[in-house]
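In: sequence first, predicted coordinates after that:
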Amino acid sequence: MTQDTKQTQNYFLQFHGKGSEFFSIMIVNWLLTLVTLGLYYPWARAKKLRYIYGQTELNNERFHFAGTGKEMFKGFIKIILLYFIIIAIYAIIFTMLKSPVLALLAIYLCIFAIIPFAIHGSLRYKMSRTSYRGVRFGYRGNQKELAINFYKWVLLTIVTLGIYSFWLEMNIRRYTHQNIRYGNVAFSNEAEGGEYFWIIFKGYLLTLITFGIYSFWWQSDIFAYYIDNMEMTKDDQKIKCYSTATGGGFFELIIINLLITVFTLGFGAAWAEMRTQKFIWDNIKMEGDINIEDINQTEEEYKNALGEDAMDFFEIDLA
Amino acid sequence: MTNNTLEAKYFDGKSSSSQQITLVFNDKLNKPRLQSADGISFVWYLDDLQFEQYGNLLEIRNKNYSGALLKIEDKDFSTRFFAIMKQNKQLDVHTRLMHLGLTKITAIAVGMLGLIVLAYFFVLPSIAEKSVALLPESFDNEIGNVFMDTFLDENEIDSTKTKYLEQFAAELNLNNKKPLRFAVVQSEEVNAFALPNGQIVVFSAILKDMKSSEELAALLGHEASHINYRHSTKMLCRNLAGYMVVSLLLSDVNGVMAVVADNAQQLHSLSYSRGFEQEADEQGLKILMDNKMNPNGMIQLFEQLEKEHDAYIPKIISSHPLTAERKKNMKTIISSAKYDVQQNNKLNTIFEHIKE
């Protein structure tokens, strides 16, 4: 291997997923989920993720999702257990204190306490099961650190009547991203609550003034903010990401997806999803000097699928 | 057996760099050998392999060498590899189904959907209804009581008329297996209903327009039949079973479908209730005749209801079958029935009191 440091590299991301193929996968998923009275769900999810990852390409090599239905099924069982524990807590508090309000509050507290662990677990699982050119991704965050920070940020959000939520969101993003590894490449993120707040504030105002038309440009601004702040480093080499998405692009994507979904009574959702993925990958550009053919395997394999399903269970979306 | 060779791209799982490798294999792909340019050679066993197919491109991974990846772009090899893996029973159900192609998969899905729809309309109702027999009567009483309690919070009972209605009903044989209770509530609404706990509620407005004791007996016969045949509980079981099927179907489909299915469920349960109304009409008519009352009381009752509902309600959205249709059905039965009518003065007297 040539060790040419500081030589600008070319990167191109592509998404090859086809609506018809994805539709086939979804139909088979549906059939098997139906026949198994829903038990196939984790396997179905694994198939879906594997297809989407496998259709995503960087410089002609595909990504790979190695997670299996069996792993996710174990996570699924744990989630159900967790669910029963929460119900039990509710029942106990309700019978002891006779107050539905306090019992409900306890449930919210439980869920709120679980969130950072769900974020941590799901990232660890997903990253460890993702690979590219035979090299695994990994998440090295510390769950205790994340949890303590998360509780602190949520308290600040409550004290500031929600205003701090923009900082909360960006702090989590920064923390999690800077703990992502691809072999010996480290990710980082410069997103920051203040800037994000202004993008949301400006977008909200302009969307109001333009009777909603600006919302597509608003989407594009948010997307760009997410992407433009992403960076990868390996020794003294870097890759910077930037978005080429435009408001017009988002307009076309969203409107056509809406039409496809509505006019096919929802069956076209598979095509819409492929269009969305393609739009995302077409609009992320990378610039820098990391040689992606010269990266070492550093990340351990990981076995616990709890987080993966906790994500679905609590419906938290981390783009 | 002859050995074939193919050039392939290989990632060793230690770094992201790739190398060209020569794959040596026989026709059965038995122990394919990977030979690198620098002379290292090793064997991969079929049992350890997992693969992804992207057109002609085959990505093979070995579960014993995490990260190791072999990429082969060769149509013949890809086809053969798939066939051998299939023979070796290393394909999961999903992959085997996927290999049938979109047309066949869609056909299977549509067929499956058809079966479910058939079962939903033809098998489910009778199963759900039969399962009602497993539910104790106390269940009927419980849900009836709960409903009545909330109903009484918002409505006022006319105790005098209720007393007369009780006397009226006591004079009739309503074929009931459980004790019936009666109540007249003050209301402008022309209505009456039966609860599964044996409670029959008659609204004062419907009594006001009645002209004969036969009409009232017809109404009580109809409502008592709803209770005798446990219609409410049957409806509940049908709806519950229906919702279970619908939610199972929608495990992975989106919200638009949910709305469609929800509406279908709604219409379906309405057509159920038409079947039950018809049964209650027919059994109510039988009660009239068994009590030696003029069955035309049922026709009069419908005529009175028709006057109330002169606004046209399309059949599909009305929970009661169109009154004209019900009336026609009654007329057909009466015309072919043998019945004997005796004047019951006691009933007529009580009826006059109720009308006061």
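Out: Done, it's in.

In: tell me the secondary structure at residue B:100.
Out: Following DSSP: H, G, I helix; E, B strand; the rest coil, we place residue B:100 in the coil state.

In: close to chain B, is the longest strand along chain A?
Out: Across chain A, the longest stretch assigned as strand under DSSP state E is strand A:237-243. No: using C-beta under 8 Å from any C-beta of the partner chain, strand A:237-243 stays clear of chain B, with a minimum separation of 13.6 Å. Where you see a C-beta, it was placed from the backbone N, CA and C, and this is true even at glycine.

In: mind giving me the packing neighbours of that strand?
Out: Helices and strands touching strand A:237-243, by 3 or more C-beta pairs under 8 Å, 6 or more residues apart in numbering or on different chains; DSSP states H and E, are helix A:215-228, strand A:230-234, strand A:284-288.

In: quick one: low-confidence parts of chain B?
Out: B:1-2, B:247-273, B:308-321 (pLDDT under 70).

In: let's see 50
Out: Scanning chain B for pLDDT under 50 picks out the ranges B:252-256, B:267-272, B:311-319.

In: residue of it closest to chain A, please.
Out: Proximity to chain A, evaluated over chain B using C-beta to the nearest C-beta, is greatest for residue B:11 at 3.4 Å.

In: in this structure that residue contacts residue A:133, no?
Out: Yes: counting by C-beta atoms under 8 Å, residue A:133 is a contact partner of residue B:11 at 5.4 Å.

In: what touches both of these two?
Out: B:17, B:18, B:69 (C-beta atoms under 8 Å, 6 or more residues apart in numbering or on different chains).

In: ok, the residue in the stretch 1-150 of chain A that chain B sits nearest to to residue B:25 distance?
Out: Residue of the stretch 1-150 of chain A nearest chain B, by C-beta to the nearest C-beta: residue A:134 (3.4 Å). Per C-beta to C-beta, to the nearest Å, residue A:134 is found 21 Å from residue B:25.

In: residue B:55 now?
Out: From residue B:55 to residue B:25 the distance is 21 Å (C-beta to C-beta).

In: before we move on, what about residue B:35?
Out: Look at residue B:35 and residue B:25: by C-beta to C-beta, they are 11 Å apart.

In: those two: which has the busier surroundings?
Out: It is residue B:25, of residue B:35 and residue B:25, that has more neighbours when counted by other C-beta atoms under 10 Å in any protein chain shown, with 21 against 14.

In: neighbours of the residue nearest to the more buried one when sequence neighbours are not counted, just the number please.
Out: Nearest residue to residue B:25, sequence neighbours excluded (C-beta to C-beta, 6 or more residues apart in numbering or on different chains): residue B:32, at 4.1 Å. Look at residue B:32: counted by other C-beta under 10 Å, it has 21 neighbours.

In: same question for residue A:159.
Out: 10.

In: could you break chain B into its assigned domains?
Out: Using automatic domain parsing, the domain parsing of chain B gives B:4-92, B:137-355.

In: where along the stretch 201-350 of chain B do the strands fall?
Out: Applying DSSP state E, counting those that start in this stretch to the stretch 201-350 of chain B gives no strands.

In: helices of that one, start to end?
Out: Along the stretch 201-350 of chain B, counting by DSSP state H, counting those that start in this stretch, helices occupy B:204-208, B:213-228, B:231-249, B:255-290, B:296-308, B:323-336, B:345-355.

In: now the fifth one: buried residues?
Out: So that's helix B:296-308. B:296, B:297, B:298, B:299, B:300, B:301, B:302, B:304, B:305 (16 or more other C-beta atoms under 10 Å in any protein chain shown).

In: dump those to a markdown table, plus distance to residue B:354.
Out: Formatted as a markdown table, those follow (distance: C-beta to C-beta, whole Å):
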| residue | distance to residue B:354 |
| --- | --- |
| B:296 | 20 |
| B:297 | 15 |
| B:298 | 18 |
| B:299 | 20 |
| B:300 | 16 |
| B:301 | 15 |
| B:302 | 20 |
| B:304 | 15 |
| B:305 | 18 |
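
In: closest one to residue A:45 out of the residues you listed, please.
Out: When the buried residues of helix B:296-308 are ranked by distance to residue A:45 (C-beta to C-beta), residue B:305 comes first, at 54.2 Å.

In: can you pull the contacts of the closest one?
Out: B:190, B:323.

In: residue B:99 now?
Out: Residue B:99 touches B:82, B:91, counting by C-beta under 8 Å, 6+ apart.

In: and the stretch 151-300 of chain A, which residues reach chain B?
Out: A:183, A:261, A:262, A:265, A:266, A:269, A:292, A:293, A:294, A:295, A:296, A:297.

In: which among the residues you listed count as buried?
Out: A:183, A:261, A:266, A:269, A:292, A:293, A:294, A:295, A:297.

In: if we can go back for a sec, isn't the residue nearest to residue B:25 right next to residue B:43, touching?
Out: Yes: shown here, residue B:32 and residue B:43 form a contact pair, counting by C-beta under 8 Å, at 7.1 Å.

In: give me the common contacts of those two.
Out: If you check residue B:32 and residue B:43 against C-beta under 8 Å, 6+ apart, no residue is contacted by both.

In: dump the helices and strands packed on strand A:237-243 into CSV; add mean neighbour count as well.
Out: Listed next are these as CSV, based on neighbours: other C-beta atoms under 10 Å in any protein chain shown:
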stretch, mean neighbour count
helix A:215-228, 19
strand A:230-234, 19
strand A:284-288, 17
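
In: of all those, which lies closest to residue B:197?
Out: helix A:215-228 (54.1 Å).

In: CA atoms only for the closest one, dumped as PDB, please.
Out: C-alpha atoms of helix A:215-228 as PDB (Å, rounded to 0.1, in the frame of the first residue of the first chain):
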ATOM      1  CA  SER A 215     -40.900  24.600   4.400                       C
ATOM      2  CA  PHE A 216     -39.000  22.800   1.600                       C
ATOM      3  CA  TRP A 217     -36.100  25.300   1.800                       C
ATOM      4  CA  TRP A 218     -36.300  25.000   5.600                       C
ATOM      5  CA  GLN A 219     -35.900  21.200   5.300                       C
ATOM      6  CA  SER A 220     -32.900  21.700   3.000                       C
ATOM      7  CA  ASP A 221     -31.300  24.100   5.500                       C
ATOM      8  CA  ILE A 222     -31.700  21.600   8.300                       C
ATOM      9  CA  PHE A 223     -30.400  18.700   6.200                       C
ATOM     10  CA  ALA A 224     -27.400  20.900   5.200                       C
ATOM     11  CA  TYR A 225     -26.700  21.800   8.800                       C
ATOM     12  CA  TYR A 226     -26.700  18.100   9.800                       C
ATOM     13  CA  ILE A 227     -24.400  17.100   6.900                       C
ATOM     14  CA  ASP A 228     -22.000  20.200   6.700                       C
END
